[in-house]
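> quick one, what's the 3D model for this:
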Amino acid sequence: MKIHFIAIGGSIMHQLAIQLKKQGHEVSGSDDVIFDPALNNLKKEGICPVEFGWFPTKINKDLDLVVLGKHAHGDNSELAAAKELGLKLVTFPELMYEHAKDKIRIVVAGSHGKTTTTSMIIHTLLSSGVDCDYLVGAKIEGVEGSVKLSKEAKYVVIEGDEYPTSADDMRPKFVHYHPDITIITGIAWDHANIFKTEEVYLKVFEDYIKSLDKNCKVIYCKENPQLNALVEILKDGDRFIPYKAHPFENIDGETFLKLSDRNVSTPIFGKHNMQNLCAAKKVSKIIGLDSDKFYEAAANFKGAAKRLELLFDKDGLLIYKDYAHSPSKVRATVKAVKEKHANRKLVAFAELHTYSSLSASFLPQYKDALDAADVAIVHYDPEAMKIKRMPDLSGDLVRASFGRKDLFITNSSSELHFLLDHIDFEDTVLLLMSSGAYGGLDLNTLPAILTKKNKYA
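Purely as a prediction, here's the structure:
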């Protein structure tokens, strides 16, 4: 087939394009900007656009399929050309379902923990010798790419998010996958620029549950109050399977899973990850995977990229980076790190980067989110806010919203560097949380700067 991708540079879109090329299809694409790693990946496969922009001349009747990405706006000229020619037009969730419709589809949904839980399931299956296709929003150590399409695999594991499918289809992406098994990790209002109220956000998950086939197994976190309340109203039998955090304990900075006959050491930690682990275990039981194999996999699962990823551990300093940006994620991540490293000072840095986090009306959702940290830093860039056409935030409002009078606030990389240079990092954990660029910090050189000689003189 001849397939063209509109907005080929997306994290999932470019991986799908590469997979289809490897299957022998002729693939092309367009985008107005492409960043690494997508840029380099597409160049390696010879399908990177020669120049950036939208070119209606690329759209012709020879195309068998046009794939529309979320990044493309409704007035996109290539989209208009595809419609005018009556070409077959699909979004990537629809494309993924078309590939997976004859497989056993496992879809992970929820406000938080989707990527980690999806990664755990993929890692467990592959480690146990069970082939699977997958779509996940992050790199998993030891796993090639974030998308895999094959003819042979019996299972497909999909990270299904609740955000709009495309400019042409405002339905959530996860409604397109029609799972045989679904996990819902929890509900916590986020992305207020899309979901204007908490009620609107909750309705998205209510509609998702109602849309599921009556034979679909629904694995849900009983410890999430909003989700549990919703399921109590909607559940219709034993196909709804609750879970809670797997029993665990931290001993001298190491985390152990508590089993009836033994303890199993694992690199992951925190109650939220123990919930994710238990959800993955429920899936493995449904598909008949041996319990011992599951725990073998759990013992060497190192997590997904940017999810409590340990960057540095030397000279009395540990540095973690995490994708946490929403209130529930920040709160859970800070608490998890403090519990694991109870005897160390915790310096927690959170960057406000999303539209929600930079919204004065949404900020109070962060109340107490950084309370577990000994030193708390919030960073946001007023210049970036101008680009997003958002009104500036006062430091007093941010400080009041987080509920910490001792909160440090920085508004530029120079301010952030100055602050970090005046913090004693001896016997300390530095937790960096952002969905952006971590305030402009160079994470490669940061450890050397923080541990340099005479730092504490």
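
> could you use CA atoms for every contact and neighbour count after this?
OK.

> can you show me the helices along the stretch 51-200 of the chain?
With DSSP state H, counting those that start in this stretch as the criterion, the stretch 51-200 of the chain has helices at 77-84, 92-100, 114-127, 198-211.

> so which of the ones you listed gets nearest residue 39?
helix 92-100 (18.7 Å; CA to CA).

> give the other helices and strands that the closest one contacts.
strand 65-68 (3 or more CA pairs under 8 Å, 6 or more residues apart in numbering; DSSP states H and E).

> one step back: pick the most buried one from the helices of the stretch 51-200 of the chain.
helix 114-127 (a mean of 25; mean count of other CA atoms under 10 Å).

> tell me which residues are up against that helix.
Contacts with helix 114-127, where a contact means CA atoms under 8 Å, 6 or more residues apart in numbering, come from 108, 131-132, 134, 136-138, 140, 143, 157-161, 185, 273, 276-277, 279-280, 283-284, 293-294, 297-298, 301, 303-304, 307.

> ChimeraX command for the buried members of these?
Here is the ChimeraX selection string for the buried members of these, based on 16 or more other CA atoms under 10 Å:
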select :108,131,132,134,136,137,138,140,157,158,159,160,161,185,273,276,277,279,280,283,284,293,294,297,298,301,303,304,307
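
> so can I have JSON lines of the helices of the stretch 51-200 of the chain showing distance to residue 354?
JSON lines is the format used below for those (distance: least, CA to CA, whole Å):
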{"stretch": "helix 77-84", "distance to residue 354": "27"}
{"stretch": "helix 92-100", "distance to residue 354": "23"}
{"stretch": "helix 114-127", "distance to residue 354": "18"}
{"stretch": "helix 198-211", "distance to residue 354": "17"}
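
> turn these into CSV, including mean pLDDT and distance to residue 452.
Below are the helices of the stretch 51-200 of the chain laid out as CSV (pLDDT from 0 to 100; distance: least, CA to CA, whole Å):
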stretch, mean pLDDT, distance to residue 452
helix 77-84, 97, 53
helix 92-100, 96, 47
helix 114-127, 95, 34
helix 198-211, 96, 46
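
> of all the ones you listed, which one is nearest residue 399?
Short answer: helix 198-211, nearest of these by CA to CA, at 23.0 Å.

> just checking, what packs against that closest one?
helix 225-234.

> you'd agree residue 266 is up against residue 296?
No: judged on CA atoms under 8 Å, residue 266 makes no contact with residue 296 at a distance of 9.5 Å.

> who has more neighbours out of the two?
Applying other CA atoms under 10 Å to residue 266 and residue 296 shows that residue 266 carries more neighbours, namely 19 against 16.

> if you skip the residues just before and after it, what's nearest to the more buried one?
Spatial nearest neighbour of residue 266, excluding adjacent residues (CA to CA, 6 or more residues apart in numbering): residue 299 at 4.5 Å.

> what about that neighbour, how many neighbours?
Counted with other CA under 10 Å, residue 299 comes out at 16.

> OK, contacts around it?
Counting by CA under 8 Å, 6+ apart, residue 299 has contacts 264, 265, 266, 267.

> report how many residues lie close to residue 104.
Other residues close to residue 104 by other CA under 10 Å number 17.

> distance of the residue found closest to it once you drop the neighbours it is linked to in the chain from residue 367?
Once flanking residues are discounted, residue 104 sits nearest to residue 155: 4.8 Å by CA to CA, 6+ apart. Distance of residue 155 to residue 367, given as CA to CA, to the nearest Å: 41 Å.
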